[in-house]
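Chemist: no sequence on this one, just coordinates:
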């Protein structure tokens, strides 16, 4: 009766997952659960265990994490025996290899390692779901051939390939009550050794292991990595290797670094992409950089301006992806070049305590202090301080030395400054966006205009005509309430009925 009561309680813990709820009650079910190809969490609980904290964790992952984890539970008097069975099952180190349909009678498929034993996993809803296959493993390849009939196959076939390994010590030593997490990467299994009534600690333990120790940056992971970093405010720690060089796995130093900061940063592996200007210009014709927009964006976010040939690989940089309501999109930090782990850990500790300054590709800051009424020259290094901490509204004109339209507007901008002279709550500024970073702004053409309003996270873009009267009118309409010096209004603004005093 107690066992039934506990299983019923476990259903309440997992019931919000509907068809994703799994009650594990036999060795076969435990084997299948442990050997799955998704992230899975199993709770092994004694009779009458209080599942209040587990309820909250399960609800969090169902509602906020998009059902990213499959949950299972073993409860009652058999929990100890099935926990030992789960530990034994982890001795099978498995990988899922996609084969797909085939118009041929057989296929030769590469494997991730030698010495694997493989089994076929056709999709149950496919046309040839009942097909059986003969798998012949030779070295790092498997020969796939249909066994039930002489012919090809239309099912979306995958194969699971496994080899035996030692059971990790903490897994072998686990005892009821316990929570074990299984995943198809890295160490394959982890045991939560904390208090199962501590909702926050258990949640963090699971969140830290949703991704591999080092994730590969590609089409499959791009959006996920940025979303997790932004949602949970955890930085991306990115190692970039030169394209075409380096092993498929990160070196042991970076992997060790990633392991030590797990839960505090998301470690990522990426490869550089360099496209010459003439190639970028004729991208559609040459195709040399076609389809690499994703990689180029990451390189720009990391501040790797590779065409200039200034980078020495590998490069390790940390990227703070800021919330959607932030005026900046990100901050980046340069990790030191190091041949051992301790300098990297010390640098990360300094970053965590706010002692490391963000890095920007920047021109030298102006030596003179800001003078109200004058056009201020902004640079990337001090942009955040001058724009977001000044208490002023700031209208920024982003320019480029090679832009002919900018040369025309350079003569117009002083007229706008004269018209706005008496407004001491507004700073007019200019910034070279070609030779330095433009924090939080992606600029594709010049001139480019943004109004940063004090206390408002997002800037407003001006896209109207570049005549002085129109620009002045737009600034007054869109900025916060101006502070104008009474009795000192010039002729260019005195007659403006929209001006607020």
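Modeler: Cool, got the structure. All of these numbers come straight from a predicted model, not from anything done at the bench. Numbers count the residues shown, from 1 in each chain.

Chemist: Beyond the longest helix along the chain, next helix or strand please.
Modeler: Under DSSP state H, the helix in the chain containing the largest number of residues is helix 404-419. Counting by DSSP states H and E, the next helix or strand C-terminal to helix 404-419 is strand 426-432.

Chemist: Point out the other helices and strands that that next one packs with.
Modeler: strand 376-378, helix 380-388, strand 393-399, helix 404-419 (3 or more CB pairs under 8 Å, 6 or more residues apart in numbering; DSSP states H and E). Just so you know, the C-beta spots here come from the backbone N, C-alpha and C atoms, and that holds for glycine as well.

Chemist: In contact with the closest residue to residue 80 other than its chain neighbours, which residues are there?
Modeler: Excluding the flanking residues, the one nearest residue 80 by CB to CB, 6 or more residues apart in numbering is residue 176, at 5.0 Å. Residue 176 sits next to 44, 45, 46, 79, 80, 83 when contact means CB atoms under 8 Å, 6 or more residues apart in numbering.

Chemist: so how many other residues sit close to the first one?
Modeler: By the other CB atoms under 10 Å criterion, the neighbourhood of residue 44 contains 26 residues.

Chemist: my read: it touches residue 79, true?
Modeler: Yes - contact criterion CB atoms under 8 Å: residue 44 and residue 79 qualify, at 4.5 Å.

Chemist: Find residues that contact each of these two.
Modeler: With CB under 8 Å, 6+ apart as the test, residue 44 and residue 79 both reach 176, 177.

Chemist: If we go by neighbour counts, what in stretch 254-271 is buried?
Modeler: 254, 255, 257, 258, 261, 265, 266, 267, 268, 269, 270, 271 (16 or more other CB atoms under 10 Å).

Chemist: Any chance you could list what contacts it?
Modeler: 204, 207-209, 211, 213-217, 225, 228-229, 234-244, 246, 249-250, 295, 298, 314, 316, 318, 341, 344-345, 348, 352.

Chemist: Give me the subset of those that lies in strands.
Modeler: Within these, residues falling in strands by DSSP state E are 215, 216, 236, 237, 238, 239, 240, 241, 316, 318.

Chemist: among those, which ones are buried?
Modeler: The neighbour count (16+ other CB under 10 Å) marks 215, 236, 237, 238, 239, 240, 241, 316, 318 as buried among the ones in strands among the contacts of stretch 254-271.

Chemist: start to end distance for stretch 218-225?
Modeler: 10 Å (CA to CA, to the nearest Å).

Chemist: tell me which residues of that stretch are tucked away?
Modeler: For stretch 218-225, a neighbour-count test (16+ other CB under 10 Å) marks residue 225 as buried.

Chemist: what sits against the spatially most central residue of the chain?
Modeler: The structure's the chain has its C-alpha centroid closest to residue 225; by CA atoms, centre = their mean the separation is 2.1 Å. Listed by CB under 8 Å, 6+ apart, the contact partners of residue 225 are 211, 215, 217, 236, 266, 268.

Chemist: Show me the helices in the stretch 101-250 of the chain, by range?
Modeler: Secondary structure of the stretch 101-250 of the chain (DSSP state H, counting those that start in this stretch): helices located at 169-172, 199-208, 222-232.

Chemist: follow-up on the earlier one: nearest to residue 119 among the ones in strands among the contacts of stretch 254-271?
Modeler: residue 216 (25.9 Å; CB to CB).

Chemist: how near is the closest one to residue 320?
Modeler: According to CB to CB, to the nearest Å, residue 216 stands 21 Å off from residue 320.

Chemist: Out of the buried ones among the ones in strands among the contacts of stretch 254-271, which one has the weakest pLDDT?
Modeler: pLDDT across these is at its lowest for residue 241, which sits at 85.

Chemist: Tell me where this protein is predicted with low confidence.
Modeler: Where the chain drops to pLDDT under 70, the residues are 1-21, 65-67, 123-128, 243-251, 273-294, 305-311, 325-328, 481-501.

Chemist: ok so, going back, show me how to select, in ChimeraX, the buried members of the contacts of stretch 254-271.
Modeler: Of those, the buried ones go into a single ChimeraX selection, burial set by 16+ other CB under 10 Å:
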select :207,208,209,211,213,214,215,217,225,228,229,234,235,236,237,238,239,240,241,246,250,295,298,314,316,318,344,348
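
Chemist: Tally up the residues packed near the residue nearest to residue 347 when sequence neighbours are not counted, please.
Modeler: Distances taken as CB to CB, 6+ apart put residue 336 closest to residue 347, at 5.4 Å, once the chain neighbours are dropped. Using other CB under 10 Å, residue 336 is surrounded by 9 other residues.

Chemist: Name the SS class of residue 73, please.
Modeler: strand (DSSP: H, G, I helix; E, B strand; the rest coil).

Chemist: distance of it from residue 25?
Modeler: 10 Å.

Chemist: And the two? Which one has more around it.
Modeler: The residue with more neighbours, out of residue 73 and residue 25, is residue 73; 27 against 16, by other CB under 10 Å.

Chemist: With residue 197 as the reference, measure out to that one.
Modeler: For residue 73 relative to residue 197 (CB to CB), the value is 16 Å.

Chemist: Ok, residue 144 next?
Modeler: Counting by CB to CB - residue 144 and residue 197 are separated by 48 Å.

Chemist: Give me the more crowded residue out of the two.
Modeler: residue 144 (23 against 13).

Chemist: ok, the more buried one touching residue 161?
Modeler: No - at 11.5 Å, residue 144 does not count as touching residue 161 under the criterion of CB under 8 Å.

Chemist: List the neighbouring strands of the helix or strand residue 461 falls within plus their orientation.
Modeler: Assigned by DSSP H and E, residue 461 belongs to strand 460-462. Using DSSP bridges, the strands paired with strand 460-462 are strand 448-452 (antiparallel).

Chemist: State the distance from the closest residue to residue 232 other than its chain neighbours to residue 181.
Modeler: Residue nearest to residue 232 in three dimensions, not counting chain neighbours: residue 207, with 6.9 Å by CB to CB, 6+ apart. To residue 181, residue 207 is 11 Å away according to CB to CB.

Chemist: Good, wrapping up.
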